[in-house]
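Asker: What follows is a predicted protein model with its sequence.
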Amino acid sequence: MTMQPINKTYDVVIVGARCAGAATAMLLAALGLRVLVFDKSRFGTDTLSTHALMRPAVLLLQRWGLTDRLDEERTPRIGKTAFVYGEGQKNETVEVDIKPRNGVEALYAPRRTVLDRILVEAARDEGADVRHGVQMVDLLRADSGKVSGVRLRDESGKVHDISAGLVIGADGRRSSVARLAGATPYVWGRHATTCAFGYFEDLPVDGNRWYFRPGMGAGAIPTNHEQTCLFASVLDDFAAGPAADRARAFHQVIEESAPDIAARLPEAKLVGRLRFFPGMRGFLRQPWGDGWALVGDAGYMTDPITAHGITNALRDADILARTVAEGASLADYQLARDDLSLKFFEVSDRVASLDWDIPTVQQYHRLMSQEMGREEEALIAAAAQDTPATAA
Ligand SMILES: Cc1cc2nc3c(=O)[nH]c(=O)nc-3n(C[C@H](O)[C@H](O)[C@H](O)COP(=O)(O)OP(=O)(O)OC[C@H]3O[C@@H](n4cnc5c(N)ncnc54)[C@H](O)[C@@H]3O)c2cc1C
């Protein structure tokens with residue numbers, strides 16, 4: 001297929017086409033804006049992340065008409081979440097049913113090869129110009145200093161200067177847009193868990209299972225292809241040692257924190273290899289300036305232990321697109337984002353310390369649940385005020 005040449009001018013250029021970038025592109029293109037969204041990675045590829053979605057994320061996917069697509073891809077519907085708390089020889093399990101509410105009937109944990117692809121296709125369907133294998137190499141600035149576009153390198157190596165009214169960095173936690181725009185974090189996490197995870201066949205689980213034991217965490221998430229994503233989290237870097245030691249450390253955490261899963265592992269089959277994330281402290285960065293904005297991990301990263309990054313990315317895509325639709329100042333986007341993020345971030349960071357007793361981490365979970373309820377209500381309230389422009 002011959003690609004159309006990239007235009008010279010767009011209303012909005014978005015760097016990064018995964019959950020944050022593709023969702024933002026879909027929403028802005030639906031408003032009738034001329035949107036270019038591109039990613040240096042290939043279309044449909046995986047990324048280093050597990051993928052449990054919380055209720056606010058599913059609420060948005062439902063609103064955008066995309067949960068049907070998850071069902072078509074045979075993504076398991078998750079009807080309950082179990083929290084298993086262990087200390088010494090004691091284990092306590094708290095089961096929470098996912099009650100149908102606000103159009104959300106179940107949770108999902110789609111592989112990123114599924115979720116990101118569905119969002120990219122939705123962006124393209126709304127008229128966004130979507131490109132993969134294309135890398136941003138610099139920001140362009142007007143004489144006033146305002147960001148006025150991007151310099152990018154296309155698949156063939158050719159460099160293009162593209163001008164845009166707004167450049168959005170959806171380019172992940174190591175965002176180049178943030179660096180080049182001078183966006184600095186103003187809130188930092190104090191802790192960073194490291195994570196090992198893999199995909200297993202013949203290990204079915206009935207819903208999400210989260211395991212917490214002082215010093216460690218683990219989880220089992222049902223996902224596509226009838227596989228279960230199993231992860232283990234500690235503070236020491238799993239990835240530091242040789243491969244055999246890393247695998248042993250992963251199995252040890254599963255044995256100590258999730259003995260019911262460990263007992264079934266001999267019958268299960270690891271598909272592919274284990275993956276390792278060395279950890280990174282979370283942050284909130286200044287998410288906008290003259291001619292630019294940040295969305296997703298580029299602007300706000302939480303520790304993976306609380307599995308909230310994709311939910312944040314979709315939520316902030318929604319808030320940013322509404323702010324643009326209303327013609328409001330991007331300061332409003334920052335205020336709304338921070339109002340829904342700061343408390344969750346603080347609690348998530350305390351969970352990531354892995355330094356708590358069980359009553360304390362249970363209290364953290366109750367606080368996070370309250371914050372997610374607030375997030376859900378805010379998303380519903382925003383949609384209730386939709387004008388024809390924002391509802392486009
Ligand atoms: C181990 C681990 C487990 C996790 N588990 C969960 C979980 O269970 N649930 C959850 O909600 N979140 C989880 N997260 C967090 C989640 O992965 C992130 O919050 C999410 O990926 C953020 O999405 P994003 O679109 O902002 O950025 P990303 O997914 O990082 O995508 C950024 C994209 O930008 C592209 N890019 C970067 N620079 C350029 C450039 N110069 N030019 C062009 N393209 C560029 C990259 O190629 C990339 O595709 C986890 C994270 C980790 C590390």
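Answerer: That came through fine.
Asker: can you pull out the helices in the protein?
Answerer: Using DSSP state H, the helices of the chain run over residues 19-30, 55-63, 67-72, 112-125, 176-181, 243-257, 259-264, 309-326, 330-352, 358-384.
Asker: Only the buried residues of stretch 119-136, if you could.
Answerer: Residues 119-124, 126, 128-132, 134-136 are the ones in stretch 119-136 that count as buried (16 or more other Cβ atoms under 10 Å). All C-beta atoms are positioned from the backbone trio N, CA, C, and that covers glycine.
Asker: What of stretch 354-372?
Answerer: Under 16+ other Cβ under 10 Å, the buried positions of stretch 354-372 are Leu354, Trp356, Ile358, Val361, Gln362, Tyr364, His365, Leu367, Met368, Glu371, Met372.
Asker: Equivalent analysis for stretch 18-34, please.
Answerer: 18-31, 33-34.
Asker: so which residue of the stretch 51-200 of the chain comes closest to the ligand?
Answerer: Gly172 (2.9 Å; Cβ to the nearest ligand atom).
Asker: what about that residue, neighbour count?
Answerer: For Gly172, the neighbour count with other Cβ atoms under 10 Å is 22.
Asker: who touches it in this structure?
Answerer: When contacts are counted by Cβ atoms under 8 Å, 6 or more residues apart in numbering, Gly172 touches Gly16, Arg18, Gly296, Asp297, Ala298.
Asker: Tell me the one of these nearest Ala321?
Answerer: Gly296 (12.8 Å; Cβ to Cβ).
Asker: List the residues that contact the closest one.
Answerer: Shown in contact with Gly296 (Cβ under 8 Å, 6+ apart): Gly16, Arg18, Cys19, Ala20, Gly21, Ala170, Gly172, Gly309, Asn312, Ala313, Asp316, Ala317.
Asker: Model confidence for the closest residue to it other than its chain neighbours, exactly?
Answerer: Of all residues not flanking Gly296 in the chain, Ala20 sits nearest, at 2.4 Å (Cβ to Cβ, 6 or more residues apart in numbering). The confidence metric pLDDT takes the value 98 at Ala20.
Asker: still on that earlier bit, which of the contacts of Gly172 come close to the ligand?
Answerer: When Cβ under 6 Å from any ligand atom is applied, the members of the contacts of Gly172 adjacent to the ligand are Gly16, Arg18, Gly296, Asp297, Ala298.
Asker: just checking, the last one touches Val167?
Answerer: Meaning Ala298. No. Applying Cβ atoms under 8 Å as the test, Ala298 and Val167 come out as separate, 11.5 Å apart.
Asker: Quick check: Gly282 vs the ligand, distance?
Answerer: 10 Å (Cβ to the nearest ligand atom, to the nearest Å).
Asker: what residues are up against the nearest residue to that residue once chain neighbours are set aside?
Answerer: The shortest distance from Gly282 to any non-neighbouring residue, by Cβ to Cβ, 6+ apart, is to Gly189 (3.7 Å). Shown in contact with Gly189 (Cβ under 8 Å, 6+ apart): Arg281, Gly282, Phe283, Thr302, Asp303, Phe345, Ser348, Asp349, Ala352.
Asker: So what sits opposite Leu166 in the bridge?
Answerer: Val12 (DSSP bridges).
Asker: Was I right to think it contacts Val12?
Answerer: Yes. Contact criterion Cβ under 8 Å: Leu166 and Val12 qualify, at 4.9 Å.
Asker: Tell me, how many residues neighbour the closest residue to Asp316 other than its chain neighbours?
Answerer: Take Asp316 and drop its neighbours on the chain: the residue closest to it by Cβ to Cβ, 6+ apart is Val295, 5.0 Å away. By the measure other Cβ under 10 Å, the count of residues near Val295 is 34.
Asker: For Val295, list the residues it contacts.
Answerer: Going by Cβ under 8 Å, 6+ apart, the list of residues near Val295 reads Ala20, Gly21, Thr24, Ile168, Gly169, Ala170, Pro287, Ala313, Asp316, Ala317, Leu320.
Asker: got the residues of the stretch 251-392 of the chain near the ligand?
Answerer: Phe277, Gly296, Asp297, Ala298, Pro304, Ala307, His308, Gly309, Ile310, Thr311, Ala313.
Asker: ok, now the stretch 1-150 of the chain?
Answerer: Counting by Cβ under 6 Å from any ligand atom, the stretch 1-150 of the chain sits next to the ligand at 15-16, 18-21, 38-41, 47-52, 135-136.
Asker: try 5 Å this time
Answerer: Proximity of the stretch 1-150 of the chain to the ligand, by Cβ under 5 Å from any ligand atom, involves residues Gly16, Arg18, Cys19, Ala20, Asp39, Lys40, Ser41, Ser49, Thr50, Ala52, Gln135, Met136.
Asker: okay but Asp355 is in contact with Pro214, surely?
Answerer: Yes. Using Cβ under 8 Å, Asp355 is in contact with Pro214, at 7.2 Å.
Asker: Okay, the residue nearest to Met368 when sequence neighbours are not counted and Tyr300: tell me how far apart.
Answerer: Closest residue to Met368 apart from its sequence neighbours, by Cβ to Cβ, 6+ apart: Val347 at 5.5 Å. From Val347 across to Tyr300, the span is 15 Å (Cβ to Cβ, to the nearest Å).
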